[in-house]
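A.B. asks: kindly generate the corresponding structure for this input.
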Amino acid sequence: MPKVLVAARTFGKYSQEPVDFLRKHGFEVIVFDKEDLSSVISDVDALIIGTPKVTENMLVNSHVKIISKHGVGVDNIDLAAATRLGIPVTIAQGANTESVAELVIGFIFSLARNIVFAHINVKENLWPNVIGMEVHDKVLGLLGFGAIAREVAKRALCLGMKVASYDPYVSKEDIERTGVTYVNFDEIFKISDFVSIHVPLNEKTRNLVGENELKIMKKTAFLINTARGGVIEEKSLIKALKERWINGAALDVFNEEPLNPSSELFTCGNVVMTPHMGAHTIEAVYRMNMMAAKSIVDFFEGRIPAHIVNKEVLSKLQKRG
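C.D. replies: Numbering: from 1, shown residues only. Predicted coordinates:
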């Protein structure tokens with residue numbers, strides 16, 4: 001009986017169906033709730049992985065045949081090593097699109113109307129004079145124009161916002177046919193009242209947003225990040241918040257997760273922070289669960305799984321039949 005190691009905190013949490021699906025197809029399901037997989041990975045045939053790291057050393061010293069990411073970001077997986085070893089890595093593409101997009105819109109309203117600040121003060125029996133701003137007619141800049149950014153754009157346009165985007169991998173025509181204005185990289189920061197980040201974390205995007213970008217933003221503008229913490233140079237952001245280069249920020253992702261208790265972000269009064277919960281809705285979790293489980297089943301039943309990231313392994317899989 002092949003073994004599936006599940007290291008994703010919400011797999012099977014709200015519904016038993018994905019676990020039952022795997023068991024029905026002949027798999028032993030092993031749930032592991034620690035970050036270091038090195039003690040358990042050697043004896044399993046497949047991984048369903050959330051945030052724990054999967055290193056080359058782990059893979060070399062195991063007989064893992066497929067890795068199914070419970071989400072879309074694969075920066076915690078040594079993709080080069082997996083590819084070299086012929087291990088396909090799949091993602092739950094599209095499963096969390098609506099959920100993350102809705103959180104971005106929630107952040108926009110929270111920042112614009114100072115909702116968190118107001119809530120905290122009222123809970124402390126204070127009655128502050130809170131002034132906010134309307135989002136109507138404001139400019140939302142989307143850094144990246146993938147599936148989530150497109151859903152954010154749809155919602156923002158319905159709110160009467162003006163939406164602009166920069167993405168070097170998407171044509172101007174493709175962006176503008178959605179009603180979004182195509183702009184260059186620097187212009188996103190210069191013209192936007194809200195800048196929302198929607199790029200994967202890789203060597204090209206690490207620290208993509210730093211001091212230069214933060215300094216050219218409007219002093220009244222807000223920065224939103226629901227993508228990956230490493231895209232923003234965190235020290236520069238802290239400085240920008242403390243010295244009021246920008247009005248504030250909303251962050252669902254961080255360089256270190258959980259957020260280090262000594263992080264200076266805790267001393268910034270103009271930041272809203274959430275615990276990487278963008279994809280954590282009942283609907284998105286269910287979709288991710290089932291897509292991750294189906295990838296495993298398809299692979300072991302001789303079918304090519306959907307949404308393989310390292311497509312270079314396809315030829316090896318086809319040779320194996």
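
A.B. asks: use CA for all of it now, contacts and neighbours both
C.D. replies: Fine.

A.B. asks: from Trp245, how far out is Leu5?
C.D. replies: Noted for Leu5: a distance of 46 Å to Trp245, by C-alpha to C-alpha, to the nearest Å.

A.B. asks: where does the chain have its least confident helix or strand?
C.D. replies: Least confident helix or strand of the chain, by mean pLDDT, DSSP states H and E, is helix 314-320 with a mean of 78.

A.B. asks: show me the contacts for Glu213.
C.D. replies: Each residue near Glu213 by C-alpha atoms under 8 Å, 6 or more residues apart in numbering is listed here: 186, 189.

A.B. asks: typo on my end, Pro305
C.D. replies: So Pro305 contacts 90, 294-296, 298-299 (C-alpha under 8 Å, 6+ apart).

A.B. asks: and those, which are buried?
C.D. replies: 90, 294-296, 299 (16 or more other C-alpha atoms under 10 Å).

A.B. asks: inside strands: which ones of those?
C.D. replies: Thr90 (DSSP state E).

A.B. asks: tell me which of the buried ones among the contacts of Pro305 is nearest to Leu157?
C.D. replies: The shortest approach to Leu157 among the buried ones among the contacts of Pro305 belongs to Thr90, at 32.4 Å (C-alpha to C-alpha).

A.B. asks: so Met288, which state does it fall into?
C.D. replies: helix (DSSP: H, G, I helix; E, B strand; the rest coil).

A.B. asks: I figured it hits Thr90, correct?
C.D. replies: No. Under the criterion of C-alpha atoms under 8 Å, Met288 makes no contact with Thr90, lying 11.3 Å away.

A.B. asks: and the closest residue to His276 other than its chain neighbours, how far from Ile48?
C.D. replies: Excluding the flanking residues, the one nearest His276 by C-alpha to C-alpha, 6 or more residues apart in numbering is Asp252, at 4.7 Å. Going from Asp252 to Ile48 by C-alpha to C-alpha gives 23 Å.

A.B. asks: same deal with Ala221?
C.D. replies: 39 Å.

A.B. asks: on that earlier part again, for the residue nearest to His276, give me its contacts.
C.D. replies: Counting by C-alpha under 8 Å, 6+ apart, Asp252 touches 225-227, 273-278.

A.B. asks: make it 7 Å
C.D. replies: Listed by C-alpha atoms under 7 Å, 6 or more residues apart in numbering, the contact set of Asp252 reads 225-226, 273-278.

A.B. asks: before we move on, the earlier item: name the residues of the least confident helix or strand of the chain that are buried.
C.D. replies: So helix 314-320, judged by 16+ other C-alpha under 10 Å, has buried residues 314, 317.

A.B. asks: okay, now the closest residue to Glu233 other than its chain neighbours: neighbour count?
C.D. replies: Closest residue in space to Glu233, ignoring its immediate chain neighbours: Asn207 at 4.6 Å, by C-alpha to C-alpha, 6+ apart. Per other C-alpha atoms under 10 Å, the neighbour tally for Asn207 reads 17.

A.B. asks: correct me, but Asn207 touches Ile232?
C.D. replies: Yes. With contact defined as C-alpha atoms under 7 Å, Asn207 and Ile232 form a contacting pair (4.8 Å).

A.B. asks: how is the protein carved up into domains?
C.D. replies: As assigned by automatic domain parsing, the chain contains the domains 3-95+282-320, 97-273.

A.B. asks: got a list of what the one residue sitting closest to the centre of the chain touches?
C.D. replies: A centroid search over the chain (C-alpha atoms, centre = their mean) returns Ala227, at 4.0 Å, as the residue closest to the centre. Contact partners of Ala227, counting by C-alpha under 7 Å, 6+ apart, are 197-200, 253.

A.B. asks: swap in 10 Å and give it another go.
C.D. replies: Applying C-alpha atoms under 10 Å, 6 or more residues apart in numbering to Ala227 gives the contacts 73, 100, 148, 196-201, 251-254, 276, 278.

A.B. asks: and for Val64?
C.D. replies: Here Val64 is in contact with 3-5, 41-47, 58, 82, 85, 87-88 (C-alpha under 10 Å, 6+ apart).

A.B. asks: closest to Arg113 out of those?
C.D. replies: Among those, and counting by C-alpha to C-alpha, the member closest to Arg113 is Leu47, at 42.7 Å.

A.B. asks: show me the helices in the stretch 101-250 of the chain, by range?
C.D. replies: Here the stretch 101-250 of the chain has its helices, by DSSP state H, counting those that start in this stretch, at 115-123, 147-158, 172-176, 185-191, 211-216, 234-242.

A.B. asks: buried set for the longest one?
C.D. replies: Within helix 147-158, the residues scored as buried using 16+ other C-alpha under 10 Å are 147-157.
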